[in-house]
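Novice: Below are the sequence and a predicted model for it; my questions follow.
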Amino acid sequence: MPLERRLLEDHEILESLPVELLTQLEIPVLALQQMEIYDIHRARDTGALNFRNYRSRNDWVWVRAGTEDMYGALLAGLPFKLVALFKIRDHRCEDPVRRLAGVQFVSAVNSGWISDVHSVVTVQMKDNAC
């Protein structure tokens with residue numbers, strides 16, 4: 001994130017700010033073969049709560065996690081599992097609302113290159129969540 005968009009590092013102030021838990025994130029994605037038309041993708045995260053009277057829902061999202069030469073065939077993107085969506089308000093700032101996501105990290109097996117055996121790229125969950 002750019003320096004002006006980063007959260008405070010003072011834990012006392014950060015813990016005192018109001019937080020709102022969210023269950024959905026709307027992501028504008030450029031429509032296929034379009035220059036100015038966007039589709040809205042909805043990533044949902046219900047935590048441990050049920051989604052529509054069924055089990056909890058914690059969607060997977062693609063995140064740019066580096067430069068295009070990283071992660072082999074995945075280029076600069078990795079899939080991450082949402083574990084929390086929330087909003088923090090800090091009225092002392094010029095831009096008072098920060099929307100954040102907690103994710104469970106994955107790592108690219110074989111540095112993200114396509115497997116000779118399966119012909120797909122494999123990722124695995126990391127032990128340290130969030």
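Specialist: Perfect, thanks for sending it.

Novice: going forward, measure contacts and count neighbours with C-alpha atoms only.
Specialist: Noted.

Novice: For this protein, which segments are assigned as strands?
Specialist: Counting by DSSP state E, the chain has strands at residues 19-22, 24-30, 38-44, 60-64, 77-89, 97-108, 123-129.

Novice: Averaged pLDDT, the second one. What do you get?
Specialist: Averaged across strand 24-30, pLDDT comes to 88.

Novice: Sheet-wise, list the partners of it with their directions.
Specialist: Strand pairing for strand 24-30, determined by DSSP bridges: strand 38-44 (antiparallel).

Novice: coming back round to it: want to throw the strands of the chain into TSV with mean neighbour count?
Specialist: Formatted as TSV, the strands of the chain follow (neighbours: other Cα atoms under 10 Å):
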stretch	mean neighbour count
strand 19-22	14
strand 24-30	13
strand 38-44	15
strand 60-64	13
strand 77-89	19
strand 97-108	16
strand 123-129	12
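
Novice: mean pLDDT for those strands: which is lowest?
Specialist: For the strands of the chain, mean pLDDT drops lowest on strand 123-129, to a mean of 70.

Novice: re the thing from before, Throw the strands of the chain into a markdown table and include distance to Asn53, thanks.
Specialist: Formatted as a markdown table, the strands of the chain follow (distance: least, Cα to Cα, whole Å):
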| stretch | distance to Asn53 |
| --- | --- |
| strand 19-22 | 18 |
| strand 24-30 | 16 |
| strand 38-44 | 15 |
| strand 60-64 | 20 |
| strand 77-89 | 19 |
| strand 97-108 | 24 |
| strand 123-129 | 26 |
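
Novice: Tyr71: which of these is closest?
Specialist: Among the strands of the chain, the nearest to Tyr71 by Cα to Cα is strand 97-108 (6.5 Å).
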